[in-house]
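Asker: the sequence and its predicted three-dimensional model are supplied below.
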Amino acid sequence: MMQDPKNGKINFVSMKTATVLSVLLFVIAIGASAFRKDETPVKELTLSMINKDSVESVKAFETVYKVLMSSRCMNCHPAGDIPLQGDDSHLHAMAPKRGVEGKGVYAMKCSNCHQETNTPGLHTPPGNPEWHLPPAAMKMVFQGKSAHELAKQLVDKKQNGNKDIKKLIEHADDGLVLAGWNPGEGRTLPPVSHAEFKKAWLTWINKGAYAPKK
Ligand code: HEC
Ligand code: HEC
């Protein structure tokens, strides 16, 4: 409160101004901190982006997350060093190990059983020339990650194989990603089509690559 020394009256004008100012500052502070805590865009990505929109971005990530956590994708992105199998994502029979390059160890190399294309029949190995896990130094784990954790991990160059935004976008058409939609007999497909996945992936990134709150 301000007291005018001449007449002893309280100066209401400066009181009002002060109140309005502090309310404004409060609102700005709240706004800024909410922005920082809940939906964290990655600095490097947002600098070059015009088209920022946390709501659409987070919404698109819902679809992306559903696909990443489906067994066709998660089975190669396990928390441990053994790949997973089946729609229930159980540990791979005979427990082939990741190895330094993700291609297996000693006589248990992935390519011993996983050929260049799918082997016909039920319970046979799916095939792809590149069939392997992410390497030991960069495990790219999906299993057990919340949507918030996974979104942040995907755009972190130290965890995503040093991918910049261009490479991340291109990864939607990676051979192993496409393999998810050609999984071999008896395996369910990811929850949406590849076209829908790609659209959601691009929207998520182009709208600022925001991470959901949880
Ligand atoms: C055969 C195993 C395999 C399957 C199946 C697989 N991936 Fe991967 N994934 C990998 C490997 C290996 C890498 C690392 C290669 C690289 O970084 O280019 C990788 C990297 C990635 C990355 C980049 C990692 C990051 O943190 O940005 C994404 C995204 C990804 N995969 C998504 C998927 C999706 C979506 C599917 C299912 C449709 C899928 N993957 C299925 C093996 C697999
Ligand atoms: C001894 C043979 C053999 C080796 C070695 C092997 N696999 Fe497999 N893998 C199979 C068979 C067979 C299946 C199919 C099992 C089924 O459908 O019941 C399979 C299935 C999988 C699946 C499940 C695919 C899906 O969509 O659910 C993944 C992932 C996988 N293998 C990854 C690997 C990786 C990575 C390696 C190397 C580290 C590897 N495998 C080594 C035989 C092998």
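Answerer: Cool, the structure landed. It should be emphasised that the depicted structure is a prediction, and the values quoted were computed from it without experimental measurement. Numbering: from 1, shown residues only. Ligands and ions are numbered 1, 2, ... in the order given.
Asker: is any part of stretch 115-130 close to ligand 2?
Answerer: Yes. Stretch 115-130 reaches ligand 2 (CB under 6 Å from any ligand atom) through 123-126. All C-beta atoms are positioned from the backbone trio N, CA, C, and that covers glycine.
Asker: which helix or strand contains the residue nearest the centre of the chain?
Answerer: In the chain, the centroid-proximal residue (CA atoms, centre = their mean) is residue 151; its distance is 2.9 Å. Secondary structure assignment for residue 151, by DSSP states H and E: helix 147-154.
Asker: is ligand 1 within reach of that helix?
Answerer: Yes. Using CB under 6 Å from any ligand atom, helix 147-154 reaches ligand 1 at 153-154.
Asker: mind exporting the C-alpha coordinates of the helix or strand following that helix to CSV?
Answerer: Using DSSP H and E, the helix or strand that follows helix 147-154 in sequence is helix 165-170. Taking Å, rounded to 0.1, in the frame of the first residue of the first chain, the C-alpha atoms of helix 165-170 are listed here in CSV:
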residue,chain,number,x,y,z
ILE,A,165,14.5,-34.6,-37.3
LYS,A,166,15.0,-35.5,-41.0
LYS,A,167,16.2,-39.0,-40.1
LEU,A,168,13.4,-39.5,-37.6
ILE,A,169,10.9,-38.7,-40.2
GLU,A,170,12.5,-41.0,-42.7
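Asker: what about whichever helix or strand comes after helix 165-170, near ligand 2?
Answerer: Helices and strands here follow DSSP H and E; after helix 165-170, the next one along the chain is helix 175-179. No. Against ligand 2, helix 175-179 shows no contacts by CB under 6 Å from any ligand atom, the least distance being 8.2 Å.
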